[in-house]
Every structure is written in structure tokens, then in C-alpha cells.
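Engineer: Give me coordinates for this.
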Amino acid sequence: MKVPKVIYSADSIHSGKINVWQQNGSLVLEVGGYPQSVSLDTPDLHKRYWSRATEEVSQRLTKPKTALIVGVGGATIPHLLARRFPEMLLVGVEIDPEVLQIARQFFDLDRIARLAVLEGDGHRVVFSHQGPGFDLTFIDAYLGGNFPLHFAEDDFLHRLREITSPEGVIAINRASGFAKREFNDLLGKVFASVEVVRIPLPGFLGNMGGNFLYLCR
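Structural biologist: Predicted coordinates:
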């Protein structure tokens, strides 16, 4: 096994330090010290958050036509959703132009044929959306290693419900280390149904590390 090496590095006013790592031919996008995306040729991709989150979401969708993804990152989730639902129209929102440049250069962002990318604030996009509701609304946004707290406010969550079709799914990714009981209670007041899927990091035991994927209707 080859030693991982940094093949690209940048500083962003939005995300802080950004590195692209290469190991055994696959790539990792590290932002603020956290892995935020990986290339599709990652050997254990099926065990990792991105594949497992896509699988959990896909199991709850029936012939979805549209999806909004807030937080494009290195485009792992958009790639996997496009692979799973090749006819679905995707809208991806990313606030950090440096991240988008990296996604295009290293992670084949522009090869996702039915993806429209908006550079801007996902909060504003959610509140300004007009038109039919999305079948999937996926909040997967982090600035560095931090989840934007205004994405966990009552009015934003109500707006997510408004822009999602009645049979659609709202997915929210949270990493460990947040106030889970308070967040669970808040979601329970907004949505009729809330499921929580814990996706541990490979190599971690028990409740240490990993992601919590909230699936709401």
C-alpha cells in the first residue's frame, strides 16, 4: 500500500484549509481536517458514508424525478445518485467556489450529465425556490468540519418540508458531536416521520465517530 500524499492544496475563505489526497489511485477531498468526498474508485466505497447514505435514501424513493443537494463538495453523492437514478434531474448547491473548482478538476463534477450546479448559499436557494417540490431534498453541507447552524433552525426545516413533494424525502447529514436529543426533538415537531440511520466510520467501534443520517417526511 502506497503512502497517501497531498496532490493539491488550497486555502478558502469559506472552508479553510483544503487538501486533495491520493492513495493507491483513489482520491480524498479533505476540508478543515475532515474527509468530505472521495472518488468513485475508492476500494471500500461501499462501506463508507456516501454509498450507505445513497442506499438508505434510494430505498425510500419511488421513481424520483428531481433532487436538490445542498453541499456538492467533491460530488460523491451526486455521482452515486445519478448512477442509481439516471433519469433524475439533480440541482446541486455549493457555496465555496474553491471546492467547485476542485470537484471539476479532480472529481469529474462536469461528467454528471443531469446535474445543474448553483454556486451560492444553500439557505437562500431553499427559501427562494419556486415551482414543483423536489422528490429528494438532501442537506449535506459543511463549512470545514462545521454544520451550518442556520440549517438546523425551525424556519429552515419548515421550508424544507414546503419545497419537498408530499411523497418525497428530506435527508439531513449530521456528524457526531452535536446535541442529538435537541435536534431529534426539533425534527419531530416539524415532520410527521423521522428516521435516524447511524453510519459509523470504518474502523470505529460502538458509538464513536461516524454520521447520523436523518430521513424525514
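Engineer: where does the chain have low pLDDT?
Structural biologist: By pLDDT under 70, the weakly predicted segments of the chain are 1, 203-209.
Engineer: That one: helices as residue ranges?
Structural biologist: Along the chain, counting by DSSP state H, helices occupy 49-59, 76-84, 97-106, 122-128, 154-162, 180-190.
Engineer: Give the buried residues for the last one.
Structural biologist: What it means is helix 180-190. Phe183, Leu186, Leu187, Val190 (16 or more other C-beta atoms under 10 Å). Any C-beta I mention is one placed from the backbone N, CA and C, and that applies to glycine too.
Engineer: and the residue sitting nearest the centre point of the chain, how far is that from Pro4?
Structural biologist: In the chain, the centroid-proximal residue (C-alpha atoms, centre = their mean) is Asp140; its distance is 2.9 Å. Distance check for Asp140 against Pro4: by C-beta to C-beta, to the nearest Å, it reads 24 Å.
Engineer: Same question for Gly188.
Structural biologist: Gly188 is 41 Å from Pro4, by C-beta to C-beta.
Engineer: what do you get for Asp155?
Structural biologist: For Asp155, the distance to Pro4 - C-beta to C-beta - is 42 Å.
Engineer: Look at these two and report which has more neighbours.
Structural biologist: Pro4 (14 against 10; other C-beta atoms under 10 Å).
Engineer: Ramachandran coordinates for the more buried one?
Structural biologist: phi -60, psi 150 (degrees, to the nearest 10).
Engineer: Find the nearest non-adjacent residue to it, please.
Structural biologist: Gln23 (4.1 Å; C-beta to C-beta, 6 or more residues apart in numbering).
Engineer: if we can go back for a sec, which of the helices of the chain sits most buried?
Structural biologist: helix 76-84 (a mean of 21; mean count of other C-beta atoms under 10 Å).
Engineer: Settle this for me: Leu40 is touching Ile77, isn't it.
Structural biologist: No: counting by C-beta atoms under 8 Å, Leu40 stays clear of Ile77, with 11.3 Å between them.
Engineer: Might one say that Tyr49 is in contact with Arg198?
Structural biologist: No: counting by C-beta under 8 Å, Arg198 is not a contact partner of Tyr49; they are 10.6 Å apart.
Engineer: Can you pull the residues that touch both of these two?
Structural biologist: Gly210, Asn211 (C-beta atoms under 8 Å, 6 or more residues apart in numbering).
Engineer: Distance from the longest strand along the chain to the middle of the chain?
Structural biologist: Looking across the chain with DSSP state E, the single longest strand is strand 164-175. Distance of strand 164-175 from its chain centroid, counting by C-alpha atoms, centre = their mean, to the nearest Å, is 11 Å.
Engineer: And it, what's buried?
Structural biologist: For strand 164-175, by 16+ other C-beta under 10 Å, it's Thr164, Gly168, Val169, Ile170, Ala171, Ile172, Asn173, Arg174, Ala175.
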